[in-house]
Structures are given as structure tokens and as C-alpha cells.
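Asks: Give me coordinates for this.
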Amino acid sequence: MTARDDHLALLAQGADAWNTWREANPTIRLDLAGANLAGANLAGAVLARANLSRADLAGANLRGAILAGADLSWAHLSGAHLGGADLSRANFSEAILGGADLKAANVSMANLARARLVGVDASDAAFRGARLGGADLSHAMLRGSDLSGADLGSAYLSGAALDGANLRTADLTRANLFGATLNRANLTLANLTAANLSSADLGGTDLSGAALDQTNFSLADLRDAHLTDVVWHVRKMRGC
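Replies: Model prediction:
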């Protein structure tokens, strides 16, 4: 039996057995690339820095799991339960997370470039400093989430797609949304202080009550956007 087979056998015994082994073997590199863990119960499992690239974790229970620094590039996580998980600095580039539960997860500094997050529930999740260029967050629930300093668009990647997303009360302070699409998104009461929305598509977006102090809207499309009771403070629009 290979070391990889040993790891999979241990995971099959549940998080308690796995974590006990992991605590005794902290330096062993976990190579689970391409593993079939669909539907597995891994709640609370310590998988920090594990190689789970291209792994199938569809529908898996990873609530409260520690995946900090893990490689989940190209992984399949549709419908996975990641509520409260530590996903900080993890690599989710090109991963599929459609319909996943990310409520209150820590996704700070993670790489989600070009990831597919359609319809995820990331309410109250922390995406501070995360990279989301080219990610598809259409119809995502991001209510109350912390996206401060997050990069959702750049000159090199297409901006993130947030069409129909719910960002009510979200913190987007200093976030980069250059070229992002937010058609009919809900940004009511969101904090967009010093955010970069240059060249963003905000057609039909609801910005009612949002904080827009020093927000950059240069070349942004604000047709049919709702701007009732917004808080401009210092500058209304820069470069418009």
C-alpha cells in the first residue's frame, strides 16, 4: 500500500482518526491530487497545505476543516459544505465550487482566479485580500462578507462576474473591481470606500445607501443603477 493509499484509508476513518495521525506526523506532505473524496465526511479535518489539485470533493462535508495553504486548483467542490472552514491562502484557481456553502469561511488571501462560484452561499465569509480575477460569482450570496482589499479584476484577467450577486452590507473597502460585471447586483448598504470600479458594468445595480467615499467610477457603466441615499462624503465620482 502506498503512502497515498494510507492517507485515503485514514481519511475514510473520519476526522478524529485523521487529525490524531496528522498531529503525530506534521511534516509529511499530503499528496491527494486527483483523489475521489466526493461526499466524504471530513468535517473538522486538518488538511493544511495538502495537495488536493483536481480532487473530487463534490458534496463533501468540510465544515470547520483546516485547508489553509492547500492546493485545490482545478478541484471539483460543487455543493461542498465549507461553512466555517479555514481556507486562507489556499489555491482554488480554476476550481468548481458552484452551489457550495462557504458561510463564515475564512478565504483571506486565497487564490480564486477563474474559479466558478456560481450560486455559492458565502454570507459573512472573509475574502480579505483574496484574488478573484476572472472568477464567476454570478448569483452568489455574499451578504455581510468581507472583501476588503480583494482583487476582483486586473489588467491581465477579465474582471470577476458578479451579475445578480447579493452583496448587501458587504465590505468592499479598497477592493479592486476593475472591469467587473455587476449587472443587477445588490450592493445596498455596502461599503465601497476607496474601491476601484473603473470600467465596471453596474447596469441596474442597486447601490442604495452604499458608502462611496473616494470610489473610482471612471468609465464605469451606471445605466439604470439605483443611487438612492448613497453616502458620497468627500467625492461623488472620480474621473467621471
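Asks: Residue 22 and residue 42, how far apart?
Replies: In this view, residue 22 and residue 42 are 12 Å apart by C-beta to C-beta, to the nearest Å. Glycine gets a C-beta too; all of them are placed from N, C-alpha and C.
Asks: you'd agree residue 124 is up against residue 145?
Replies: Yes. The criterion here is C-beta atoms under 8 Å, and residue 124 meets it with residue 145 at 6.2 Å.
Asks: Can you pick out the residue with more neighbours from residue 22 and residue 42?
Replies: Between residue 22 and residue 42, counted using other C-beta atoms under 10 Å, residue 42 has the larger neighbour count: 23 against 20.
Asks: Quickly note the distance from the spatially closest residue to the more buried one that is not a sequence neighbour to residue 193.
Replies: Using C-beta to C-beta, 6 or more residues apart in numbering and skipping the chain neighbours, the partner closest in space to residue 42 is residue 62 (5.2 Å). Per C-beta to C-beta, residue 62 is found 33 Å from residue 193.
Asks: where does this protein dip in pLDDT?
Replies: 1-3, 154-158, 232-240 (pLDDT under 70).
Asks: Doesn't residue 7 belong to a strand?
Replies: No. According to DSSP: H, G, I helix; E, B strand; the rest coil, the state of residue 7 is helix, so it is not within a strand.
Asks: what's the neighbour count on it?
Replies: Residue crowding around residue 7 was assessed by other C-beta under 10 Å; the count is 19.
Asks: I'd guessed it sits against residue 30; true?
Replies: Yes. Checked against C-beta under 8 Å, the pair residue 7 and residue 30 is within contact range at 6.2 Å.
Asks: Contacts for stretch 87-99, please.
Replies: 67-80, 102, 105-120 (C-beta atoms under 8 Å, 6 or more residues apart in numbering).
Asks: Quote the end-to-end distance of that stretch.
Replies: When the termini of stretch 87-99 are compared using C-alpha to C-alpha, to the nearest Å, they are 17 Å apart.
Asks: starting at the chain centroid, how far to stretch 23-40?
Replies: Going by C-alpha atoms, centre = their mean, to the nearest Å, the spacing between the C-alpha centre of stretch 23-40 and its chain's C-alpha centre is 22 Å.
Asks: what's the span of it, first residue to last?
Replies: One end of stretch 23-40 to the other measures 21 Å (C-alpha to C-alpha).
Asks: Repeat that for stretch 8-25.
Replies: Terminal-residue distance, stretch 8-25 (C-alpha to C-alpha): 15 Å.
Asks: Also stretch 212-222?
Replies: Taking C-alpha to C-alpha as the criterion, the two ends of stretch 212-222 lie 14 Å apart.
Asks: and the nearest residue to residue 221 once chain neighbours are set aside, how far is that from residue 26?
Replies: Beyond its immediate neighbours in the sequence, the residue positioned closest to residue 221 (C-beta to C-beta, 6+ apart) is residue 201, lying 4.8 Å away. With the distance defined as C-beta to C-beta, residue 201 ends up 47 Å from residue 26.
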